[in-house]
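[1] Sequence and predicted model, in that order:
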Amino acid sequence: MSSERRVVITGLGATTPLGGSIADTWAAILAGRSGARTMPFDWVSEYDLPVTFAATIHTSPETVLSKVDMRRMDPATQYAMVAALDAWADAGAPEVEPERFGVAIGTGMGGIHTLLNQWDTLREKGVRRVFPLAVPMLMPNSPSGTVSLKFGARAGAHTAVSACASGAESMGTAFEMIRSGRADIAIAGGTEAAMHPICFAGFAQMQALSTRNDDPARASRPYDTGRDGFVMGEGAAVMVLESEEHARARGARVYAAFASIGMSADAHHITAPEPEGAGASRAMQEAVARAGLSATDIVHVNAHATSTPVGDVAEANAIRRAFGDAADAMAVSGTKSMTGHLLGAAGALEGVLTALALHHRLAPATINIDDLDPQIPLDVVRGEPRVLPGGDIAALNNSFGFGGHNVALVLTSA
Amino acid sequence: MARSEQEILEGLAEIVNEETGLDQADVQLDKSFTEDLDIDSLSMMTIVVNAEEKFGVRIPDDEVKNLKTVGDAVAFIQKTQDN
């Protein structure tokens, strides 16, 4: 690995159900707040949806973007742009060579609002009223393409589409770009804007969503015996990745190092996790090995932990299977208990939160655990954030997506 | 009721402003859509369709390429609405 370049994280950004920036989001995470709320949309009652709440975006992108940009971007792209602007400013908005500047932003659903709204327009008003930008707005690579255009990033613009692993996989794509020498700096992350009745109807028909309609803030409860499904979230999160050499040369502040990515596919079922966690554990082991570390170096895990009855147990099994007794010493956080499940942005947001956990040496608490499920043999952080050890430490971030996609990232302290 | 040239210009300037963010005062009869206002073909299609709706006219796709300046568009709309 010595010939390959070290990659560091020099900027963080987000717009989430907890805040319009990563600073506000992190403050809410440390305070243990929930971003879930009853949805204000007319269509909730119009279609008599069985789920009436979600972790909707905290701050409208209108507060950052122009009216014209708002009209020309699907909400998925709007969120990605807000997060990218936040992260780029945080990185010090460096002058960089365009041909050495990359983008990788993933999404699970793409521009689903544009697709469905324009289909409605076609049926109701005819072809002449369909927006000429309908196609470039609905395509799933619109967020990465639009961010590349905005920042003049010309080394390549990429989009992983692997459901709820899209954000993590895209960060891995940017990491590989820099490590292999294709770029010196990159904007990487994920975005999702799927607050449309079809998504609630589809997920509800799968029995995947929590139906705790009377208490939204308590609905996302990973590892609790009373968990009954995930809480849909939306938003975007982005990090600025940079070769260590490039970051040093400009004196950039470094949050953490991006050490490795491990990936696998379950080939088991299109949505259900493989119950023994064989595929997920392979991704985790690969990530740790590729980082040149051993399981005992990992002190914190930001788990996928969506709050579904089956998924949380499968991941816990996979962590045990991957690391054996070394898992006992890992402080495990389920931040979806606060953010909800941001689907294609989830892995990106949790990657960003993992970087902040290493930077501040604080593992976030998992909220809403009244009764820890005895099937979860993990050291789950509850109550208050937990102080992480000093010295050189490493953390793991898991993301799994429908389709059987498993992605594990390893970050190390700066 | 037929609109005057000035009314059409003002209406068109509102549409251009909404689509591009350009100041309405910059939308003058002698301005070229592409050269002066930097409006690309996709934005032009949106402006045309919104103008059709606003002024109750039909601007055929073949005609759009002849509308080089704001004045061309205003004249076309004025002539068409009178028919």
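    Structure's in. What do you need?
[2] OK, contacts around residue 56?
    Using chain A here. By CB atoms under 8 Å, 6 or more residues apart in numbering or on different chains, the contact set of A:Thr56 is A:17, A:35, A:37, A:39, A:195, A:233-234. The way it works is simple: take the backbone N, C-alpha and C, and place the C-beta from them, glycine included.
[3] wrong one, I was asking about chain B
    Per CB under 8 Å, 6+ apart, neighbours of B:Gly56: B:Gln81.
[4] Can you report phi and psi for it?
    phi 60, psi 40 (degrees, to the nearest 10).
[5] Quick check: pLDDT value at it.
    You'll see B:Gly56 listed with a pLDDT of 93.
[6] Then the one 5 residues further on?
    Reading off the confidence values, B:Asp61 has pLDDT 90.
[7] how about the helices in the chain?
    No chain in the question, so chain A it is. With DSSP state H as the criterion, chain A has helices at A:22-31, A:43-46, A:67-72, A:75-90, A:112-125, A:134-138, A:142-151, A:166-179, A:197-205, A:244-249, A:278-290, A:309-323, A:336-339, A:346-360.
[8] that's the other chain; I wanted chain B
    B:5-20, B:41-55, B:61-64, B:70-82.
[9] Which elements pack onto the longest one?
    Contacts of helix B:5-20 with other secondary structure elements, assessed using 3 or more CB pairs under 8 Å, 6 or more residues apart in numbering or on different chains; DSSP states H and E, are made with helix A:67-72, helix B:41-55, helix B:70-82.
[10] mean confidence for that helix?
    95.
[11] can I get the helices of chain A in CSV with distance to chain B and mean neighbour count?
    CSV is the format used below for the helices of chain A (distance: least, CB to the nearest CB, whole Å; neighbours: other CB atoms under 10 Å in any protein chain shown):
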stretch, distance to chain B, mean neighbour count
helix A:22-31, 28, 20
helix A:43-46, 26, 13
helix A:67-72, 4, 16
helix A:75-90, 15, 27
helix A:112-125, 9, 15
helix A:134-138, 8, 20
helix A:142-151, 13, 23
helix A:166-179, 27, 28
helix A:197-205, 26, 16
helix A:244-249, 34, 16
helix A:278-290, 41, 22
helix A:309-323, 42, 22
helix A:336-339, 33, 30
helix A:346-360, 29, 29
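[12] before we move on, the earlier item: out of the helices of chain B, nearest to A:Ala322?
    For A:Ala322, the closest of these is helix B:41-55, at 49.1 Å, according to CB to CB.
[13] Quickly check: that closest one near chain A or not.
    Yes. Using CB under 8 Å from any CB of the partner chain, helix B:41-55 reaches chain A at B:42-43, B:45-46, B:49, B:52-53.
[14] Point me to the residue of the stretch 101-250 of chain A nearest chain B.
    Using CB to the nearest CB, the closest approach of the stretch 101-250 of chain A to chain B is made by A:Pro132 at 4.2 Å.
[15] got the contact list for B:Gly11?
    Taking CB under 8 Å, 6+ apart, we find B:Gly11 in contact with B:3, B:51, B:54-55.
[16] of all those residues, which comes closest to chain A?
    If you rank the contacts of B:Gly11 by distance to chain A using CB to the nearest CB, B:Ala51 comes first, at 11.8 Å.
[17] picking up where we left off before, okay, the residues of helix B:41-55 next to chain A in a markdown table with distance to B:Gly71 and neighbour count next?
    Formatted as a markdown table, those follow (distance: CB to CB, whole Å; neighbours: other CB atoms under 10 Å in any protein chain shown):
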| residue | distance to B:Gly71 | neighbour count |
| --- | --- | --- |
| B:Leu42 | 22 | 15 |
| B:Ser43 | 18 | 19 |
| B:Met45 | 20 | 18 |
| B:Thr46 | 20 | 20 |
| B:Val49 | 20 | 17 |
| B:Glu52 | 18 | 16 |
| B:Glu53 | 21 | 13 |
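[18] want to throw the contacts of A:Thr56 into a markdown table with distance to chain B and neighbour count?
    As requested, the contacts of A:Thr56 are exported to a markdown table (distance: CB to the nearest CB, whole Å; neighbours: other CB atoms under 10 Å in any protein chain shown):
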| residue | distance to chain B | neighbour count |
| --- | --- | --- |
| A:Pro17 | 29 | 27 |
| A:Gly35 | 32 | 28 |
| A:Arg37 | 32 | 15 |
| A:Met39 | 29 | 20 |
| A:Met195 | 25 | 20 |
| A:Gly233 | 31 | 28 |
| A:Glu234 | 26 | 29 |
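[19] Turn these into CSV, including pLDDT.
    Converted to CSV, the contacts of A:Thr56 look like this (pLDDT from 0 to 100):
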residue, pLDDT
A:Pro17, 98
A:Gly35, 98
A:Arg37, 98
A:Met39, 98
A:Met195, 98
A:Gly233, 98
A:Glu234, 98
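[20] And stretch A:16-32, end to end?
    15 Å (CA to CA, to the nearest Å).
[21] Mind listing residues that contact it?
    Contacts to stretch A:16-32, defined as CB under 8 Å, 6+ apart, come from residues A:12-15, A:33, A:35-36, A:55-59, A:63-64, A:82-83, A:86-87, A:90, A:233-237, A:335, A:338-340, A:342, A:349, A:352-353, A:356, A:362, A:364-365, A:367, A:385.
[22] now do stretch A:119-139
    By CB under 8 Å, 6+ apart, stretch A:119-139 touches A:72-74, A:77, A:110-112, A:114-115, A:118, A:142, A:145, B:42-43, B:45-46, B:49, B:52-53.
[23] ok, how many other residues are close to the closest residue to chain B within the stretch 301-414 of chain A?
    Closest residue of the stretch 301-414 of chain A to chain B, CB to the nearest CB: A:Gly344 (26.2 Å). For A:Gly344, the neighbour count with other CB atoms under 10 Å in any protein chain shown is 37.
[24] That one and A:Gly108 touch, don't they?
    Yes. Using CB atoms under 8 Å, A:Gly344 is in contact with A:Gly108, at 3.2 Å.
[25] list residues touching both of the two?
    In contact with both A:Gly344 and A:Gly108: A:161, A:163-164, A:166, A:192, using CB under 8 Å, 6+ apart.
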